[in-house]
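# Just a sequence and a predicted model for now, questions to come.
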Amino acid sequence: GGSGEYSSIEISNNEVGSTIGLRGITLGAASENSMIAGNNISEFQKSIYMTNSSPTITENTIMHGGDAQESSRFAFVQEGSSFPSYGNNQFSGEIWPAVAITGTIDSNGMWSDLSGISDVDWSYLVLGAVTVSSGATLTIAGGTVIKFEANWDSNSGGYEGKTCMTVDGTLLLGSTADNEIVFTSSRDDEYGGDTNGDPYVEVGPQPGDWGYIKINSNSSSIHDCRFRYGGLKDDQGGTQETWHNYMLWVNGYTDEIINNTFDYIYDASSYGVAGYNIYYTSGAGGYSSVLISENQITGGGYGIWLGGSGEYSSIEISNNEVGSNIYGIYYINDSENSLLSHNYIYQNNYGIYVSTSGMQISTNNISNNYSYGVFNNTSSIINCISNYWGDPSGPYHPTINPEGTGDEVSDNIIFNPWLIQPFDIEDCAGV
């Protein structure tokens, strides 16, 4: 340990055993020239614990007998700016197949795909709150599964203790359409395998198991990811609750949110409000263009919420599939060049809810929304021509189109002409 960084450290060919101890090998401030190799490590809750260290970890044998009541059985824990490389380690017993992540990342590094670490699926598991500091870049390889520890125990922090990730620096994603990055609950065995010893867990993954991913910087593009089972967090605690029930929270400026899937967000209102799949808010000042496109969003309080006091040069929300929310798309921003087009918006309570002027809504399939297809909460006129409303007769409006049997529209909306058949929804994400 110590405050300085060592040029190299080698820990090799040791027998490190315990009768259920906390840590086997603890390493601090070790450079990438360091090595942990050929050790036999047994019966620790955290076999190798690294703080701001990036050694090569290879040819070790790590074993845990498996106590059903034990809080953790991790082979590896990466705290802070720890970016080790793993190779040819052997595991036996009840080791959890996850690399635990905690602390603040303040230098550049990468979370690599763990698929080759053993013959079972492995994932990263976020414990508590992880922060990427300003000036640091965290790169995440395509195919990586990142899980957040599920926390419903009010005795240990409860809803203010929900795990989350905050990016003040840069998040650089190596994901593609064929090789997604997944952000999900520790209880979700569908991606990354059985991370937390499910035989000892009475419930499977639940909406709201974890909090949010918050982007505070202006240099991250979110693409080709899958978000599951998040969207519940109290950032205040006690009697002064401050609910931030967002799964993806953009707090500043991110130019692209493209080709992501959002499922199983917290969808009740017992704690604060039902969750926001994408919550995008800007501070004061001018911003460049924003593109939210080709996302598939199912279930929650809000599919896409876009607002804030900052004005964008342009906003485009296009080719998204948004269904089964209270509000499919909720728009509250004063930017003039805003276009909402080629989306499939279905089975929401409100398909599109507009609280400011400036949005043009055109060439969307808006159907089977329960209260309104489009609701204009302003006195300004909104252009909503050339949309399909679920029926050739057009949208229902009690005075302008009382014969329409499609989704209802509110006042102050121009909807004629409309499409008499849906546009090709093959262009929408997820269809």
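In hand now; what should we look at? Residues are numbered from 1 along each chain as shown.
# my guess is Q360 contacts N383, does it?
Yes - counting by Cβ atoms under 8 Å, Q360 touches N383, with 5.0 Å between them. (C-beta placed from N, C-alpha, C; glycine too.)
# Next secondary structure after the worst-scoring helix or strand of the chain on mean pLDDT?
Every helix and strand of the chain was ranked by mean pLDDT, DSSP states H and E. The lowest is strand 286-287, at a mean of 60. The helix or strand immediately downstream of strand 286-287 is strand 290-293, counting by DSSP states H and E.
# Adjacent strands (with direction) for the helix or strand just after that following strand?
Scanning forward in sequence from strand 290-293 by DSSP H and E, the next helix or strand is strand 296-308. Note on strand 296-308: by DSSP bridges, its sheet partners are strand 261-263 (parallel), strand 276-282 (parallel), strand 321-331 (parallel).
# what's the least confident stretch among those?
Of all the strands paired with strand 296-308, the minimum mean pLDDT falls on strand 276-282 (a mean of 91).
# Just the C-alphas of it, formatted as CSV.
The C-alpha atoms that make up strand 276-282 are tabulated as CSV, following Å, rounded to 0.1, in the frame of the first residue of the first chain:
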residue,chain,number,x,y,z
TYR,A,276,-38.1,7.9,-16.2
ASN,A,277,-36.3,5.7,-18.8
ILE,A,278,-34.5,8.7,-20.4
TYR,A,279,-34.4,11.9,-18.4
TYR,A,280,-32.6,14.6,-20.4
THR,A,281,-32.2,18.0,-18.9
SER,A,282,-29.9,20.9,-19.8
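# Can you list the low-confidence ranges for the stretch 251-400 of the chain?
Low-confidence segments of the stretch 251-400 of the chain (pLDDT under 70): 269-272, 283-287, 310, 334.
# redo that, cut-off 90
251-255, 267-274, 281-290, 307-315, 332-338, 356-359 (pLDDT under 90).
# And for the stretch 51-200 of the chain?
64-73, 87, 93-95, 113-121, 128, 151-161, 193-200.
# For D407, which non-adjacent residue is closest in space?
Excluding its sequence neighbours, the residue lying closest to D407 (Cβ to Cβ, 6 or more residues apart in numbering) is G373, at 2.9 Å.
# ok, and what's touching the helix or strand encompassing that neighbour?
Here G373, judged by DSSP H and E, is contained in strand 372-376. Here strand 372-376 makes contact (Cβ atoms under 8 Å, 6 or more residues apart in numbering) with 345, 350-354, 361, 366-367, 382, 384, 387, 389-390, 395, 406-413, 415.
# neighbouring contacts of stretch 172-182?
137-146, 191-192, 220-226, 228, 259, 261.
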